[in-house]
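Trainee: here are the coordinates; sequence isn't available:
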């Protein structure tokens with residue numbers, strides 16, 4: 001497990017492009033036949049990727065950095081199928097996941113494994129510290145709370161699906177969903193905002209090999225950006241703006257952990273302030 005430390009906003013101003021990527025971008029979570037994980041000190045989230053090959057299950061190990069008897073001893077976990085179809089087995093119970101389905105796994109689950117039905121199936125893992133027990137629950141994409149937002153004239157019309165949220169599947173900290181700009185739309189998370197009480201992580205996917213998404217971060221007046229390819233993950237500290245634009249439309253998973261679970265608890269930043 002790789003460990004990433006928390007960052008003060010003043011540090012960002014002096015970082016090189018390479019240093020920014022090393023601190024905030026994760027580009028190697030998905031490797032066939034492996035489970036990879038990163039421990040972020042931003043709200044102590046663990047971010048991971050599992051890409052099993054058909055016929056060869058993968059098991060979520062108990063990483064020594066957690067100082068736990070098993071991975072979910074003090075943690076909750078969300079497993080989301082970014083693409084493909086497969087099975088997640090939790091303490092002997094099997095859950096079938098297809099594209100953009102999510103599985104919430106509550107604190108106390110001991111044995112977790114991943115199986116793929118087809119080549120290329122990728123599961124994204126996001127975990128936060130939990131102080132209570134909630135039941136393991138499957139949230140199919142078709143059952144996620146779905147809304148439309150944005151405006152075509154601003155090229156930010158998008159579909160938002162909330163899988164884990166305060167009015168839906170219960171969790172201790174995690175709030176998770178998937179947003180997809182509609183064809184002809186490329187901006188996300190507009191107007192720009194922060195939510196100083198929660199860290200947010202983005203996973204960009206459904207991106208052609210020749211396309212990129214430019215993700216912006218930082219404080220107003222001191223914006224930095226990173227160029228991301230399919231499957232890249234970016235960690236957005238609570239103090240940072242987070243919004244992006246693609247060379248085409250795309251999908252992105254967003255997951256938050258922190259002080260509260262209010263989706264609307266954000267501080268908007270006017271575009272001229274960027």
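Mentor: The structure has been received and is ready for your questions. Bear in mind the structure is a predicted one, so any value in this text is a computation, not a measurement.
Trainee: what comes up buried for the longest helix anywhere in the chain?
Mentor: The longest helix of the chain (DSSP state H) is helix 17-24. Buried residues in helix 17-24, counted by 16 or more other CB atoms under 10 Å: 20, 21, 23, 24. Glycine gets a C-beta too; all of them are placed from N, C-alpha and C.
Trainee: Switch the residues you listed over to CSV; also include pLDDT and distance to residue 46.
Mentor: Shown next, in CSV, are these (pLDDT from 0 to 100; distance: CB to CB, whole Å):
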residue, pLDDT, distance to residue 46
20, 95, 21
21, 96, 20
23, 95, 16
24, 97, 16
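Trainee: Reformat these as JSON lines; add distance to residue 91.
Mentor: Formatted as JSON lines, these follow (distance: CB to CB, whole Å):
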{"residue": "20", "distance to residue 91": "40"}
{"residue": "21", "distance to residue 91": "37"}
{"residue": "23", "distance to residue 91": "35"}
{"residue": "24", "distance to residue 91": "34"}
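Trainee: excluding its backbone neighbours, what's nearest residue 148?
Mentor: Taking CB to CB, 6 or more residues apart in numbering, and ignoring the residues beside it in sequence, residue 148 has residue 159 as its nearest neighbour in space, at 5.7 Å.
Trainee: Can you list the helices and strands that the helix or strand that that neighbour is a member of packs against?
Mentor: In this assignment (DSSP states H and E), residue 159 forms part of strand 158-164. Strand 158-164 sits against strand 75-83, strand 102-105, strand 145-149, strand 175-181, with contacts defined as 3 or more CB pairs under 8 Å, 6 or more residues apart in numbering; DSSP states H and E.
Trainee: how about those strands, which one is nearest residue 58?
Mentor: Nearest to residue 58, of all these, is strand 75-83, at 11.6 Å by CB to CB.
Trainee: Between strand 158-164 and the closest one, find me the angle.
Mentor: 140 degrees (axes from the mean of the first three to the mean of the last three CA atoms, to 10 degrees).
Trainee: tell me which residues in the next helix or strand after strand 75-83 are buried?
Mentor: Where DSSP H and E defines the elements, the next helix or strand beyond strand 75-83 is strand 86-90. In terms of neighbour count (16+ other CB under 10 Å), strand 86-90 has its buried residues at 86, 87, 88, 90.
Trainee: Now that we have the residues you listed, can you turn them into a markdown table and tack on distance to residue 224?
Mentor: Formatted as a markdown table, those follow (distance: CB to CB, whole Å):
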| residue | distance to residue 224 |
| --- | --- |
| 86 | 36 |
| 87 | 40 |
| 88 | 36 |
| 90 | 39 |
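Trainee: Reformat the residues you listed as a markdown table; add distance to residue 256 and pLDDT.
Mentor: A markdown table is the format used below for those (distance: CB to CB, whole Å; pLDDT from 0 to 100):
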| residue | distance to residue 256 | pLDDT |
| --- | --- | --- |
| 86 | 25 | 98 |
| 87 | 27 | 98 |
| 88 | 21 | 98 |
| 90 | 23 | 98 |
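Trainee: List just the nearest of those to residue 220.
Mentor: residue 88 (40.4 Å).
Trainee: Out of the helices and strands packed on strand 158-164, which is the most enclosed?
Mentor: Most buried of these, by mean neighbour count (mean count of other CB atoms under 10 Å): strand 102-105, with a mean of 26.
Trainee: Surely the residue nearest to residue 148 touches residue 180?
Mentor: Yes. The pair residue 159 / residue 180 is scored as a contact, 5.1 Å apart, by CB atoms under 8 Å.
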